[in-house]
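[1] How does the following fold in three dimensions:
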Amino acid sequence: MRSDLSQPVHPEETIVALATPNGVGAIGVIRLSGYDAINIANRVFKGKDLSKQASHTIHLGHIVDGDMILDEVLVSLFVGPRSYTRENVVEISCHGSNYILESIIKLLIKSGARSAKPGEFTLRAFLNGQLDLSQAEAVADLIASNSKASQQVALQQLRGGFSNQLQSLRAQLVQFASLVELELDFSEEDVEFANRDQLKQLVHDTTIVIGSLIRSFELGNVIKQGVNTVIAGRPNAGKSTLLNALLNEERAIVSHIPGTTRDTIEEVLNINGINFRMVDTAGIREATDAIEQIGVQRTMEKIDQSALLVYVFDALQITAEELNSDIESLQRPGVTMLVVANKIDLLSEDQLTAISPDAILISAKEKQHIDELKQKIYHAAVKQQLTGDETLVTNIRHLEALQKTEEALVRVLNGIDTYITSDFLAMDIKQALHYLGEITGAVTTDDLLENIFSKFCIGK
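    Predicted coordinates for the structure are as follows:
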């Protein structure tokens, strides 16, 4: 759904929207924000005079349309600037009937409010200085978070950890940029206000921090999006049994008949707060019919799209040559492979010792070493200890801005080394400041704001 956020925002208008999901529930929350929010709510509320109540208070009463009572409600007051949007905000908690919710919203619109656009509450919070742009985006990430790790990263960004780091870097660059600009005013006197050695050190240090943030995107994206993980191997290697063991439920059909799995089966496995999208695939072999051939083709497509491949082999049946051939044929650039030897419960001690030391030994049927395999899967995707305090880049828009910032800073360093004039040096510093400012919203365009806030739900 496209919003019209490119149109001017009128802060004097009071907006209204349902803040809870659509559908019948025990409770629904309707949110108002704007200069006249409390007065509009007061017109339809029968109870205390809301205009005389203190901020951050809750009041029991009825929403009335003339002589008709629509519902008994709780009204929460947040007097600006002590609110999410820094405007007057009213939240009406009513019963979750669609009829009641729609009736109250229509009544509020008739009383002077207008329907909010997607993301308009958070847009107002940004425009009123309550949040910067990266924090506003973290609100959407927090709402969409589906694991502990993604929730923690979004919360850390919402609290301003990422923003504070960028603002500190930007403030130092602004100071030097102003000195370089000052030199242009005294160009005829050939005066140098910005010490080139100090500027070079600052830009060098800043580039290191920016580079670290860029590299963090790999992990940040894993946390936000989850990890595409494919379980592949020959027929009867125990792939479906392994999926069931990892999920601790009978999700996939298990049979001794080769080729039982003809299509992919997908489930989400959460390990230590990270979501892994597990895909059980058809066995890899020369297909005996057209349907199996399609299944094998889909397996290879899923492997190409994966970030992590769990290759499972029957330790009792496969030869060393076949194992090496499979591993070589399944390797893909950018895809991490874990080699898993299954059915070790059927092996003798001599057969166990003959297995490659690089293989992870399990019995999916007997659930032996499944927890150890889960940790191997986790560490293959998350190669560092997560503390919850680190700054991780999870947004592709931020990544691209940081990459452009890094490029501009490299030009500054090259310019200092080649003794370019102050005007060209100032241009490159301004470029770096521009791209950093795009992340936090110090530099914005209408198109950028529309692209970001149109993706929010209407009540946020």
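[2] So which other helices or strands are in contact with the one helix or strand residue 100 maps to?
    In this structure, residue 100 sits in helix 98-110 according to DSSP states H and E. Applying 3 or more Cβ pairs under 8 Å, 6 or more residues apart in numbering; DSSP states H and E, one finds that helix 98-110 contacts strand 15-18, strand 25-33, helix 37-44, strand 57-65, strand 68-78, strand 89-96. Just so you know, the C-beta spots here come from the backbone N, C-alpha and C atoms, and that holds for glycine as well.
[3] export those to TSV and tack on mean neighbour count and distance to residue 359?
    Listed next are these as TSV, based on neighbours: other Cβ atoms under 10 Å; distance: least, Cβ to Cβ, whole Å:
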stretch	mean neighbour count	distance to residue 359
strand 15-18	24	54
strand 25-33	20	50
helix 37-44	22	64
strand 57-65	15	61
strand 68-78	18	59
strand 89-96	21	53
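[4] hmm, who's touching the very next helix or strand once past the helix holding residue 100?
    Remark: after helix 98-110, the chain's next helix or strand is strand 114-115, criterion DSSP H and E. With contacts defined as Cβ atoms under 8 Å, 6 or more residues apart in numbering, strand 114-115 is touched by 13, 14, 15, 16, 17, 105, 109, 458.
[5] Describe which strands strand 114-115 pairs with in its sheet and in which direction.
    When pairing is defined by DSSP bridges, strand 114-115 lines up against strand 15-18 (parallel).
[6] Distance from the strand it pairs with to the middle of the chain?
    Relative to its chain's centre, strand 15-18 lies at 25 Å (Cα atoms, centre = their mean, to the nearest Å).
[7] thinking again about what came up before, can you give me the buried ones in the helix holding residue 100?
    100, 101, 103, 104, 105, 107, 108 (16 or more other Cβ atoms under 10 Å).
[8] Now do the contacts for residue 360.
    Here residue 360 is in contact with 338, 339, 340, 341, 369, 372, 373, 376 (Cβ under 8 Å, 6+ apart).
[9] hang on, the earlier thing: relative to residue 216, which of the contacts of strand 114-115 is nearest.
    Nearest to residue 216 among these: residue 458, at 32.0 Å, using Cβ to Cβ.
[10] Contacts only, for that closest one.
    17, 18, 115, 116, 117, 118, 119, 120 are the contacts of residue 458 under Cβ under 8 Å, 6+ apart.
[11] 6 Å instead, please
    Going by Cβ atoms under 6 Å, 6 or more residues apart in numbering, residue 458 touches 17, 116, 118.
[12] how close does residue 315 sit to residue 339?
    Between residue 315 and residue 339 the computed distance is 11 Å (Cβ to Cβ, to the nearest Å).
[13] Please identify which of those two sits among more neighbours.
    residue 315 (26 against 19; other Cβ atoms under 10 Å).
[14] Please tell me I have it right and the more buried one contacts residue 345.
    No. Assessed by Cβ atoms under 6 Å, residue 315 is found out of contact with residue 345, at 9.8 Å.
[15] on contacts alone, who are the packing partners of the helix or strand in which residue 134 is found?
    Using DSSP H and E, residue 134 sits within helix 133-144. Other helices and strands packing on helix 133-144, by 3 or more Cβ pairs under 6 Å, 6 or more residues apart in numbering; DSSP states H and E, are helix 120-127, helix 148-158, helix 161-185, helix 422-440.
[16] Quick one: distance of it to the chain centre.
    Centroid separation between helix 133-144 and its chain, computed with Cα atoms, centre = their mean, is 8 Å.
[17] ok, which stretches of the stretch 301-450 of the chain are helices?
    According to DSSP state H, counting those that start in this stretch, the stretch 301-450 of the chain carries its helices in the segments 320-330, 349-353, 370-381, 396-417, 422-440, 446-453.
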